[in-house]
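**Student:** model this:
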Amino acid sequence: MNLQVIFSIYRSRRFHMGFFLITLFGGVFGIHKFVQKKYGMGFLYLFTCGLFGIGWIIDTFIAFININQNNHINPIVENISIQRAIPNCQKWKTDTLFITTRRTCPVCSKYNRKVYSLYGWNKKYPKLPDALLKRRCPNCGTPAGASTFFPGISTPPE
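**Tutor:** Numbering: from 1, shown residues only. Okay, the predicted model is just below:
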């Protein structure tokens, strides 16, 4: 199987179902660990046949449970700026957004100039709070701005 196909399954909307299938059929060989970029564990699974089958069974069970728990991948987004950024995120296979808000508002200023993960895929950045998905801030009435952020290419704000 082509590595790019595996990564596209990993990043797609059907992430959890795709990840479950990768774990089910390739977990004994550690393919799911390589997809998660856990290369050490991938080689350990590869050379021990999924930690003698026990690790593979546990990972398959966990992946199956995650299918049912995380099937709300697409949140309802009312914010126009975030709506416009989502197609670019899907096109460039990233889910990180740089958020700008009003600095003087006590409610939305805590989100200003921060990077968030739209779907929670990127564990380096926190998941986008539901408050930012609303059309406007309930306190100041200003909408949050959003632009696509590229980890490793863009520089995070100070």
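**Student:** please count neighbours and contacts with C-alpha atoms only from this point.
**Tutor:** Noted.
**Student:** the spatially closest residue to residue 76 that is not a sequence neighbour: how many residues sit nearby?
**Tutor:** Closest residue to residue 76 apart from its sequence neighbours, by C-alpha to C-alpha, 6 or more residues apart in numbering: residue 133 at 7.3 Å. Residue 133 is flanked by 21 other residues according to other C-alpha atoms under 10 Å.
**Student:** now do residue 115
**Tutor:** Residues contacting residue 115 under the criterion other C-alpha under 10 Å number 25.
**Student:** give the contact list for residue 150.
**Tutor:** By C-alpha atoms under 8 Å, 6 or more residues apart in numbering, residue 150 lies in contact with 94, 96.
**Student:** phi, psi for it please.
**Tutor:** Phi and psi for residue 150, reported as degrees, to the nearest 10, are phi -110, psi 100.
**Student:** can you check residue 94 too?
**Tutor:** The phi and psi torsions at residue 94 (degrees, to the nearest 10) take the values phi -130, psi 160.
**Student:** what's the pLDDT at it?
**Tutor:** pLDDT recorded at residue 94 is 85.
**Student:** chain neighbours aside, what residue packs nearest to the spatially most central residue of the chain?
**Tutor:** Per C-alpha atoms, centre = their mean, the C-alpha nearest to the average position across the chain is that of residue 121, at 1.3 Å. Of all residues not flanking residue 121 in the chain, residue 95 sits nearest, at 6.9 Å (C-alpha to C-alpha, 6+ apart).
**Student:** how close does the one you found get to residue 146?
**Tutor:** 12 Å (C-alpha to C-alpha, to the nearest Å).
**Student:** low-confidence bits of the protein, can you list those?
**Tutor:** Along the chain, segments meeting pLDDT under 70 span 1-15, 68-75, 156-158.
**Student:** all helices of it, in order?
**Tutor:** 3-11, 15-26, 31-35, 39-52, 54-69, 80-91, 130-133 (DSSP state H).
**Student:** of those helices, which is nearest residue 105?
**Tutor:** helix 130-133 (13.6 Å; C-alpha to C-alpha).
**Student:** next, the buried residues of the closest one.
**Tutor:** Neighbour-count burial for helix 130-133 flags 132, 133 (criterion: 16 or more other C-alpha atoms under 10 Å).
**Student:** contact partners of it?
**Tutor:** Against helix 130-133 from outside (C-alpha under 8 Å, 6+ apart): 76, 77, 78, 79, 82, 137, 144.
**Student:** narrow those to those that are buried.
**Tutor:** Buried members of the contacts of helix 130-133, counted by 16+ other C-alpha under 10 Å: 79, 82, 137, 144.
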